[in-house]
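Engineer: I'd like to go over a predicted model; first the sequence, then the structure.
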Amino acid sequence: MSGTFTWNGAAVPFRPGETVASALTRAGVLRFGTAPLGQARALFCGIGQCQNCLVHDGTRLTEACLLPCREGMTLTEAGARDE
Ligand code: FES
């Protein structure tokens, strides 16, 4: 492992070069938040096209499948009211 980031207050380990979506999935996190109509946000396309993997980085929503893991970053679920 090369480091950890925080997801909803819990430490998640990541490997070098890994995206947030990959690290969360490997850690058993399959729900990344809630979309406006109440459906689960999760990894779907994996290439930044569907917007189904949005997470909140403290300032904005961003695609977890495109976001490289960085030591110490803090992320939370994207809620239905974030968009
Ligand atoms: S999974 Fe589709 S944009 Fe990330």
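Structural biologist: Great, that's in hand. Residues are numbered from 1 along each chain as shown.
Engineer: just the helices in the chain please.
Structural biologist: 20-26 (DSSP state H).
Engineer: Check it and tell me which residue is nearest its centre.
Structural biologist: Nearest residue to the geometric centre of the chain (Cα atoms, centre = their mean): residue 64, 4.0 Å.
Engineer: list the contacts for the closest residue to residue 18 other than its chain neighbours?
Structural biologist: What sits nearest to residue 18 in space, not counting adjacent residues and going by Cβ to Cβ, 6 or more residues apart in numbering, is residue 69, at 5.2 Å. Just so you know, the C-beta spots here come from the backbone N, C-alpha and C atoms, and that holds for glycine as well. Shown in contact with residue 69 (Cβ atoms under 8 Å, 6 or more residues apart in numbering): 3, 5, 14, 18, 19, 20, 23.
Engineer: Compute the distance between residue 69 and residue 2, please.
Structural biologist: For residue 69, the distance to residue 2 equals 8 Å [Cβ to Cβ, to the nearest Å].
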